[in-house]
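# only geometry, no sequence info:
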Ligand code: NCD
């Protein structure tokens, strides 16, 4: 494997391999892991805003000894009319081993792979509304630290499912792990047609018996102009707070990929409360990305 653009390219065995690798990296001093890929280099191209994903990839690279260069697109020649292909080939001519790309267009990384020389790897750090495979992996890895039996889990995702690449990668990942009970809850307009059968009739039904609750932001930047989402009433209908969380199992864990809109999809008390594993997701994100980058760079 040289690339990861879609979590569906992985099977249970390869996901377990990445989890085992992340576990062993967790217990290896950074001074040691820094020597694993010394001399290799990566280029991070983020055509959309990012806080945790970009920093997480940068730290993952650095902790493996990979020199990472992040291109600030707002200050790049894209603003002078350079085509995406020319930007990519210019950077490829500097001979990095790996590209890490986030872009608003669905499946663009697959096209980029076709433009690039075959020895350069590619990781999708989020493409439009399509996939965010490393987020899916870090979510699964975090769940695996709290829950043991994938087959009997009930996982509930609440929020803007339709525009969420995080939801797509997590749902695909859960199916790979054998989870059957994947429950969604959102207004009809924010559920993809193909997933409507998974939409709960109301919030109590969505949360009842849930082992894992995943809250998602409304992707304001991706909403169609004619869709009017009422942010003022969102929390009352779709929000997670101490009362609504009590409808889930008492040992349910709460995930959120960030960025959180506190007071809209999630209350402060839940985001900062004992059932929240949101910061564990961030810590695990660096480890799982280290595992993936180590795995990809070890193939060449
Ligand atoms: C998400 C993304 O960019 O897809 N954030 C992330 O990567 N952790 C979710 C979001 O923007 O709401």
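Cool, the structure landed. Remember, predicted model here, so these are calculated numbers, not experimental data.

# list the buried ones in the helix or strand encompassing residue 102?
Element membership for residue 102, per DSSP states H and E: strand 98-103. Neighbour-count burial for strand 98-103 flags 98-103 (criterion: 16 or more other Cβ atoms under 10 Å). For every residue, glycine as well, the C-beta is placed using N, CA and C.

# cool, and stretch 254-266?
Applying 16+ other Cβ under 10 Å to stretch 254-266 flags 254-258, 260-261, 264-266 as buried.

# And for stretch 288-300?
Here stretch 288-300 shows 288-294, 296-297 as buried, counting by 16+ other Cβ under 10 Å.

# Return the member of those nearest to the ligand.
Closest approach to the ligand among those (Cβ to the nearest ligand atom): residue 289, at 11.6 Å.

# so what's the closest one closest to, chain neighbours aside?
residue 60 (3.7 Å; Cβ to Cβ, 6 or more residues apart in numbering).

# Phi first, then psi, for that neighbour.
For residue 60, the backbone dihedrals (degrees, to the nearest 10) come out as phi -60, psi -50.

# which ones are touching it?
286-287, 289-290, 293 (Cβ atoms under 8 Å, 6 or more residues apart in numbering).

# go with 7 Å
Shown in contact with residue 60 (Cβ atoms under 7 Å, 6 or more residues apart in numbering): 286, 289-290, 293.

# Residue 138 too?
Neighbours of residue 138 in contact, by Cβ under 7 Å, 6+ apart: 281, 284-285, 288.

# Is there proximity between the strand or helix carrying residue 175 and the ligand?
Counting by DSSP H and E, the element that carries residue 175 is helix 165-177. Yes - Helix 165-177 reaches the ligand (Cβ under 6 Å from any ligand atom) through 165-166.

# Let's see the pLDDT reported for the residue in the chain sticking out farthest from the centre.
No residue in the chain sits farther from the centre than residue 80, which is 30.6 Å out by Cα atoms, centre = their mean. What the model reports for residue 80 is a pLDDT of 85.

# For the helix holding residue 175, which residues meet the burial criterion?
165-174, 176.

# do the same with stretch 271-290
Buried, per 16+ other Cβ under 10 Å, within stretch 271-290: 271, 275-278, 280-282, 284-290.

# ditto for stretch 218-238
218-219, 223, 234-235, 238.

# So which of the contacts of residue 60 belong to strands?
If you go by DSSP state E, the contacts of residue 60 have nothing in strands.

# Output those residues in JSON lines; the columns should cover pLDDT and distance to residue 135.
Shown next, in JSON lines, are these (pLDDT from 0 to 100; distance: Cβ to Cβ, whole Å):
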{"residue": "286", "pLDDT": "98", "distance to residue 135": "13"}
{"residue": "289", "pLDDT": "99", "distance to residue 135": "10"}
{"residue": "290", "pLDDT": "98", "distance to residue 135": "15"}
{"residue": "293", "pLDDT": "98", "distance to residue 135": "15"}
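
# can you count the residues close to the closest residue to residue 177 other than its chain neighbours?
Leaving out its chain neighbours, the residue that sits closest to residue 177 by Cβ to Cβ, 6+ apart is residue 150, at 4.2 Å. If you count neighbours by other Cβ atoms under 10 Å, residue 150 ends up with 18.

# Relative to residue 249, which of the buried residues of strand 98-103 is nearest.
residue 102 (34.3 Å; Cβ to Cβ).

# follow-up on the earlier one: my guess is the residue nearest to residue 177 contacts residue 181, does it?
No - the criterion here is Cβ atoms under 7 Å, and residue 150 misses it with residue 181 at 10.5 Å.
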